[in-house]
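**Student:** Okay, sequence plus prediction incoming.
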Amino acid sequence: SPAAAATCLASHKKIVVCTDLGPALSLLAGVETVVWPHAATQECPREWLLQNVVGASGLVVCFKDMVDKEVVDAAGPELEAVTTISVGYEHIDLPLLAARNIQLGYTPDVLTDAVADSTVMLALMASRRTNLTSALVTTNQWPSFQWTPFAFTSPQLSRVPFGHSPTVGFLGFGRIAQAVLRRLSLGFGVADAIYASRPGSPPREARDSAILQSLAPNLVRLRPVPLPELARDSDFLFILAPGGPETHHIVDTAFFARMKRTAVLVNNGRGSVVSSHALAAALREDRLWGAGLDVVDEEPHVGPDHPLLLPGVREKCVVVPHLGSATVETRAEMARMTARNVLLGVEGQRMETAVDL
Ligand code: DGY
């Protein structure tokens, strides 16, 4: 089989695996693998990576493992393939890999639906302020709770025939954002969408009209807007942009000052895009309705003293620990792609899903 042939060709190479590939690790049987022994429960320490990567042809990492000059130098000239079990790759020094002719594999597409699902979940949880309302139950306040018609009413995500239809905004309009829009348009009847992409990126009229057609007759408007307009007009704002210096703290105090008081912000991209301090202030001062966060700038250092978890803020904010793609099916496929990519890479073949360096 092609897999057996690949394994045979790669058998004299060493692959260092810093993360948990689950059953997909068996795809690397026949190749010398050095696997971080606690991969199922712990992130790989930098020292372990630096010690073990020496002489490796292939390296498998997750988004927590920085692949920089120190790592690439430690590996030495044999290194020809790096693969990350993530769609994001800002933890990897792309120019360095390009200069050294090292392929980079990643996991696009396969996680789009899982992340889009969790993005919609966060939008609903944040708008309905489920942190606040479920705490009522878990702290035994339901028995004394007075149900009145307007208690805990919130902005509505779906279009209502008798009233307001929300404008959904996207900061970053790639695959995941488009999948969120599909859900909101076809499932929730959302009829107005705006987005802001990377400054200087070319207009995408053809793509946008294809999206509109695929959503017809539900979506009536989709248009690119400058950032200030995105802030001003979004009722639900979805941050689905990559991290890195270009997007660092784009969403800051000035951005929040433009947003509607009734708006909901969801970040399922990268924590670094949103200033946590500015977000906490906006929530505390009721200048923003709610926030749903899968990612936070300071993650994983988000404990009870974090500004987003302080009383007066946490009731309006739902935070989950970077789990957007964490479904059984998606993670299994991400692991399979990652294993397959590294195997192809050390064999000198084009990976299934490689970043264009
Ligand atoms: C990604 O894929 O980039 C996620 O953030 C981690 O799975």
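**Tutor:** Looks like it came in fine. These numbers were taken from a predicted model, which means no experiment stands behind them.
**Student:** In which helix or strand does the closest residue to Leu50 other than its chain neighbours reside?
**Tutor:** Counting by C-beta to C-beta, 6 or more residues apart in numbering, Leu50 lies nearest to Ala74, which is 5.0 Å off, once chain neighbours are set aside. Where you see a C-beta, it was placed from the backbone N, CA and C, and this is true even at glycine. According to DSSP states H and E, Ala74 maps onto helix 69-75.
**Student:** go on, Pro228?
**Tutor:** Per DSSP H and E: helix 227-233 holds Pro228.
**Student:** Next secondary structure element downstream of the helix holding Ala74?
**Tutor:** Following helix 69-75 in sequence, per DSSP H and E, is strand 81-84.
**Student:** Now do the contacts for Leu283.
**Tutor:** Gly290, Ala291, Leu308, Gly312, Val313, Lys316, Cys317 (C-beta atoms under 8 Å, 6 or more residues apart in numbering).
**Student:** Next, it: secondary structure please.
**Tutor:** Per DSSP: H, G, I helix; E, B strand; the rest coil, the local secondary structure of Leu283 is helix.
**Student:** start at 21 instead
**Tutor:** Okay, using 21 as the starting number, the last item reads as Leu303.
**Student:** what's the spacing between it and Val135?
**Tutor:** Between Leu303 and Val135 the computed distance is 23 Å (C-beta to C-beta, to the nearest Å).
**Student:** Ok, Arg224 next?
**Tutor:** Taking C-beta to C-beta, one finds Arg224 at 21 Å from Val135.
**Student:** More neighbours: these two, which one.
**Tutor:** Val135 (24 against 14; other C-beta atoms under 10 Å).
**Student:** sec struct for that one, please.
**Tutor:** Under three-state DSSP, the three-state class of Val135 is helix.
**Student:** now it, nearest residue through space, not along the chain?
**Tutor:** Nearest non-adjacent residue to Val135 (C-beta to C-beta, 6+ apart): Gly344, at 4.2 Å.
**Student:** Which of the helices or strands spans the one you found?
**Tutor:** Using DSSP H and E, Gly344 falls outside every helix and strand.
**Student:** Run a quick neighbour tally on the residue lying closest to Leu41 once chain neighbours are set aside.
**Tutor:** Closest residue to Leu41 apart from its sequence neighbours, by C-beta to C-beta, 6+ apart: Ala355 at 4.4 Å. Residues lying near Ala355 (other C-beta under 10 Å) number 21.
**Student:** Likewise for Asn151?
**Tutor:** The burial count for Asn151: 18, using other C-beta under 10 Å.
**Student:** Just the mean pLDDT for the longest helix along the chain, thanks.
**Tutor:** In the chain, taking DSSP state H as the definition, the longest helix is helix 348-366. Helix 348-366 shows a mean pLDDT of 98.
**Student:** if you look at it, does any of it touch the ligand?
**Tutor:** No - if you take C-beta under 6 Å from any ligand atom as the test, helix 348-366 misses the ligand, and the best it gets is 7.1 Å.
**Student:** Can you give me the buried ones in stretch 165-181?
**Tutor:** Using 16 or more other C-beta atoms under 10 Å as the test for burial, stretch 165-181 gives Ser174, Pro175, Gln176, Leu177, Arg179.
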